[in-house]
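1. build me a structure from this.
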Amino acid sequence: MKTVNTVTATQYTAISIGQIILDDSNYLTFWGYLQHPDGWHRCDFVTSYDVLNAMLRNNHHDKSDAVQMTIVQKLEDMRQIPEMIDLEATWGEPVVFDNMAFELTKPCFSEHGNWEEYANEECYFIQKVVALPTTTTLPPAARTNYGPAVDQCLELLCKNYELYLGYIELEFEVEMAREKADLIDDMKYTLAYYAWQQKELNA
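-> Reported below is the predicted structural model:
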């Protein structure tokens with residue numbers, strides 16, 4: 001196992017959930033998939049109820065309200081621990097949560113003062129989610145007046161995020177890396193990630 005001094009955070013923009021596992025703790029376990037550039041990969045997730053609420057609030061698919069109601073009903077009538085909610089069996093497919101920035105960290109445990117990663121790419125803790133900005137098509141006049149300025153702004157944000165990734169590679173703490181890259185503000189951080197992702201997709 002690789003020994004690290006920090007828990008590195010990475011970002012993805014879509015996950016899908018097949019099953020939700022409830023217990024008597026303040027956390028939930030999701031069995032599902034993580035979207036990579038080459039497709040969906042099997043992955044498990046652990047997160048808090050606060051993050052789940054943010055996911056449901058920012059997800060605009062028609063299943064979100066039904067998922068929330070199912071969880072509430074199961075919590076009110078939990079007959080065994082743990083309890084499973086099978087979303088895939090209910091709807092015939094996993095429920096997708098996309099158009100969000102998922103900040104994920106690998107589960108680790110402390111050994112001899114260091115942190116040991118033990119789940120490879122098969123399990124993540126969802127630290128927080130932030131809704132990605134929606135893309136709006138501007139009329140020609142607006143594109144003519146503001147297009148260069150918007151492009152320049154996106155380029156600067158992209159450079160901020162690349163700088164942040166550089167500090168992460170140097171094993172800086174996430175918060176320190178964000179501070180040094182001038183990305184402490186959550187909205188700016190999300191926009192910078194969005195700009196970087198668009199550049200990667202267009203490369």
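
2. now find how far off-centre whichever strand or helix holds Asp44 is within its chain.
-> Using DSSP states H and E, Asp44 sits in strand 39-48. Put simply, strand 39-48 sits 10 Å off its chain's centre (Cα atoms, centre = their mean, to the nearest Å).

3. parallel or antiparallel, list what pairs with that strand.
-> strand 27-36 (antiparallel), strand 123-131 (parallel) (DSSP bridges).

4. may I see the buried residues of the helix or strand following it?
-> Going down the chain from strand 39-48, the next helix or strand is helix 49-58, by DSSP H and E. Judged by neighbour count (16 or more other Cβ atoms under 10 Å), helix 49-58 contains these buried residues: 51-52, 54-55, 58. All C-beta spots, glycine's among them, are computed from the backbone N, C-alpha and C.

5. so helix 49-58 versus strand 27-36, what angle?
-> 50 degrees (axes from the mean of the first three to the mean of the last three Cα atoms, to 10 degrees).

6. so for helix 49-58, mean pLDDT?
-> The average pLDDT within helix 49-58 is 89.

7. related to what we said a few turns ago, between the buried residues of helix 49-58, which is closest to Thr105?
-> Thr105 has its nearest neighbour among these in Val51, at 12.0 Å by Cβ to Cβ.

8. nearest spatial neighbour of the closest one, chain-adjacent residues omitted?
-> For Val51, ignoring the flanking residues on the chain, the nearest one in space by Cβ to Cβ, 6 or more residues apart in numbering is Ile126 at 5.3 Å.

9. where does pLDDT dip in this protein?
-> In the prediction, the chain carries residues with pLDDT under 70 at positions 1-9, 108-120, 134-148, 203.

10. name the helices or strands packed onto the strand ranked longest in the chain?
-> Secondary structure of the chain per DSSP state E: the longest strand is strand 9-22. With contacts taken as 3 or more Cβ pairs under 8 Å, 6 or more residues apart in numbering; DSSP states H and E, strand 9-22 sits against strand 27-36, strand 39-48, helix 64-76, strand 83-86, helix 87-91, strand 95-105.

11. distance to Ala149 and mean neighbour count added to these, as a markdown table?
-> What follows is the helices and strands packed on strand 9-22, written out as a markdown table (distance: least, Cβ to Cβ, whole Å; neighbours: other Cβ atoms under 10 Å):
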| stretch | distance to Ala149 | mean neighbour count |
| --- | --- | --- |
| strand 27-36 | 32 | 19 |
| strand 39-48 | 36 | 16 |
| helix 64-76 | 36 | 14 |
| strand 83-86 | 47 | 15 |
| helix 87-91 | 43 | 15 |
| strand 95-105 | 24 | 20 |
